[in-house]
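> Pasting the sequence and the predicted model now:
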Amino acid sequence: MSISFNHTIVAAHDKQASAAFLAELFGLPEPQPFGHFMVVGLDHEASLDYAEVASGEEVRPQHYAFLVSEDDFDAIYGKISSRGMPHWADPRGERPGEFNRLDGGRGVYFRDPSGHGMEILTRPYGSGS
């Protein structure tokens, strides 16, 4: 049996702004419309399909973690730092302005425009040191 992740729907206040934010920050192709979604394509044919919540409706923050290369981490973290974006080394936000070095890699947490918790890491947690 072969099972692969294909897509998930990400709630947003402004689907275009949220999709463009992630695509630009990660150096991905421009988001593409598909039905009422704005789609950000990822590797392995997976995608994040951004959809706007109804006017006045809240976005329930979710957590999205992305495994990236060391070079990609440098590029993305460089943008986060140079833009003065709030970021943390931990999911509770107790170590602001830092990144972690868990399992011999690096990881950092930040928020997207709708308040979702985003994370980039270079080694899966639990993979050793």
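Received the coordinates, thanks. Numbering: from 1, shown residues only.
> what about the closest residue to residue 102 other than its chain neighbours, how many neighbours?
Leaving aside its chain neighbours, residue 102 sits nearest to residue 125 (5.9 Å; criterion: CB to CB, 6 or more residues apart in numbering). For every residue, glycine as well, the C-beta is placed using N, CA and C. If you count neighbours by other CB atoms under 10 Å, residue 125 ends up with 11.
> Next one: the residue nearest to the spatial centre of the chain relative to residue 42, how far apart?
With distances taken as CA atoms, centre = their mean, the chain has residue 118 as the residue nearest its mean C-alpha position (4.0 Å). Distance, residue 118 to residue 42, by CB to CB, to the nearest Å: 13 Å.
> Please identify every residue contacting each of the two.
residue 66 (CB atoms under 8 Å, 6 or more residues apart in numbering).
> picking up where we left off before, shouldn't the residue nearest to residue 102 be within a strand?
No. Assessed with DSSP: H, G, I helix; E, B strand; the rest coil, residue 125 is coil; it does not lie in a strand.
> for it, what are its contacts?
Residue 125 neighbours (CB under 8 Å, 6+ apart): 102-103, 107.
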